[in-house]
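In: next come a sequence and a model predicted from it.
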Amino acid sequence: MTDSMKEELRKAPFVAVMLDETTDISNVAQMSYVLRYVTDDGIKERFFKYEDVTEDKRAEAIATRLLEFLRESGCIDKVVAQCYDGAAVMASGLNGVQAKVKETIPQALFIHCYAHILNLVLSNGASKIRECKVFFSHLSGLATFFSRSAKRTKLLDDICQHRLPRAAPTRWCFHSCLVCTVADKTRELREVFEHIVDHHTEFDDETVHCSDGYITLLTSFDFSFWLKTFHAIFSYSDVVFEILQNKGFDMQFCLARVDQLQRQIEQEKGNFDSVYDETQALVGPPRGRGAQGDVRARYRELHCSVIDSLPRFPTASVTTKSWNSWPFWTRNSSGITVTISQLLP
């Protein structure tokens, strides 16, 4: 911390703390600490440090580290807001970081990252359906398979020339990026797994076993069907996600794009036949226990159920009322400004 930053904190009447965790390329979990406050020169948002939290990412440990940082910074009595994403360990009202911090700093209101709610409801809403839960679990397994081995990753680089997003289900764009990557690189991924099976003497038993299973997975109707379905949905939602992350757009524009997203997702119901037929042409008809009775009708019903589980969430996430009541932001024609009075309980 520089002397000028210390002086800014000393003069600031109120402070908000923002915390986020990410895993770097060496699989080290890094926690970033950012403080936001107002000085005579305007709004300041300062990055203070990274901290290795690989050994213990439990809510209690993170809260303890955060409180220690605030004490060292000399601003623990000024904190009126704590801002995190919606990951359970951070946001849980009962045992999350925000709840444990409030035990020491009762006035530290928890501010959820609104731009992240969109991706959260899309993945969580769909995962309430069993088939989708299984699909996303398989996707996460694919990412984990490569992230745990440098040898596997090198083979992926050699054949795919593109890495899968690192396994981080609490990152809001994780599933979206993973769906798009697997959809675009399905053929290359099959080549990777087939190479491992064909050269089984060069790999350990677990790698060969998993690769054989992933070959079956990538050629299964069920996985391919949901991959096409969510690839289409995320292609719409990713655009809106980027807009909500951008401070340069006004409220009405953002609301209009969310409404457009709802219509686009709803229209996906009409694309069921093309998704089903394209999947069948690619990998063949459904097989196994799911191939009994009127299979097409069953998939149509599931497809509609997934679509119906999505549209109502984004509207609830971004409304005129909720947007204007954000504790941190005031949106107007000149952009975004901070209103410190709104930070008060």
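Out: Yep, it's here. Numbering: from 1, shown residues only.

In: how much space separates L142 from T181?
Out: Noted for L142: a distance of 9 Å to T181, by CB to CB, to the nearest Å. Yep, even glycine has a C-beta here, placed from its N, CA and C like the rest.

In: now do the shared contacts for those two.
Out: L164 (CB atoms under 8 Å, 6 or more residues apart in numbering).

In: outside of the helix or strand hosting E45, which residues touch it?
Out: Assigned by DSSP states H and E, E45 belongs to strand 42-52. Contact with strand 42-52 is made by 1, 5, 8, 12, 18, 28-38, 65, 69, 73, 337-338, as judged by CB under 8 Å, 6+ apart.

In: now list the buried members of those residues.
Out: The neighbour-count criterion (16 or more other CB atoms under 10 Å) marks 8, 12, 18, 29-31, 33, 35-38, 65, 69, 73, 338 among the contacts of strand 42-52 as buried.

In: which one of these is nearest to L282?
Out: A29 (37.9 Å; CB to CB).

In: hang on, the closest one packs against K57?
Out: Yes: using CB atoms under 8 Å, A29 makes contact with K57 at a distance of 6.0 Å.

In: between strand 42-52 and whatever helix or strand comes next after the strand holding E45, find me the angle.
Out: Next helix or strand after strand 42-52 toward the C-terminus (DSSP H and E): helix 59-73. On the basis of axes from the mean of the first three to the mean of the last three CA atoms, to 10 degrees, helix 59-73 is oriented at 130 degrees to strand 42-52.

In: what about helix 59-73, average pLDDT?
Out: In this model, helix 59-73 has a mean pLDDT of 90.

In: what touches both of A29 and K57?
Out: By CB under 8 Å, 6+ apart, the residues touching both A29 and K57 are E21.

In: so R263: helix, strand or coil?
Out: Following DSSP: H, G, I helix; E, B strand; the rest coil, R263 is assigned to helix.

In: from E60, how far out is it?
Out: 44 Å.

In: pick out whichever of the two has more residues nearby.
Out: Counted by other CB atoms under 10 Å, R263 and E60 do not tie: E60 has more neighbours, with 13 against 10.

In: tell me the contacts of that one?
Out: Taking CB under 8 Å, 6+ apart, one finds K100 in contact with E60.

In: and D56, how many neighbours?
Out: Around D56 there are 11 residues (other CB under 10 Å).

In: which pLDDT value goes with it?
Out: At D56, pLDDT is 81.

In: repeat for A126
Out: The model's pLDDT for A126 equals 64.

In: ok, the one 3 residues further on next?
Out: I129 carries a pLDDT value of 80.

In: for the helix ranked longest in the chain, buried residues please.
Out: With secondary structure taken from DSSP state H, the chain has its longest helix at helix 221-245. Buried positions in helix 221-245, judged by neighbour count with 16+ other CB under 10 Å: 221-234, 236-238, 240-241, 243-244.

In: just give me how far that helix sits from the chain centre.
Out: 13 Å (CA atoms, centre = their mean, to the nearest Å).

In: and it, what does it pack onto?
Out: helix 114-126, helix 130-147, helix 174-184, helix 251-267, helix 272-283, helix 295-308 (3 or more CB pairs under 8 Å, 6 or more residues apart in numbering; DSSP states H and E).

In: adding distance to G96, write those out as CSV.
Out: Listed next are the helices and strands packed on helix 221-245 as CSV, based on distance: least, CB to CB, whole Å:
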stretch, distance to G96
helix 114-126, 15
helix 130-147, 22
helix 174-184, 19
helix 251-267, 27
helix 272-283, 38
helix 295-308, 29
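
In: how far away is F225 from D77?
Out: 56 Å.
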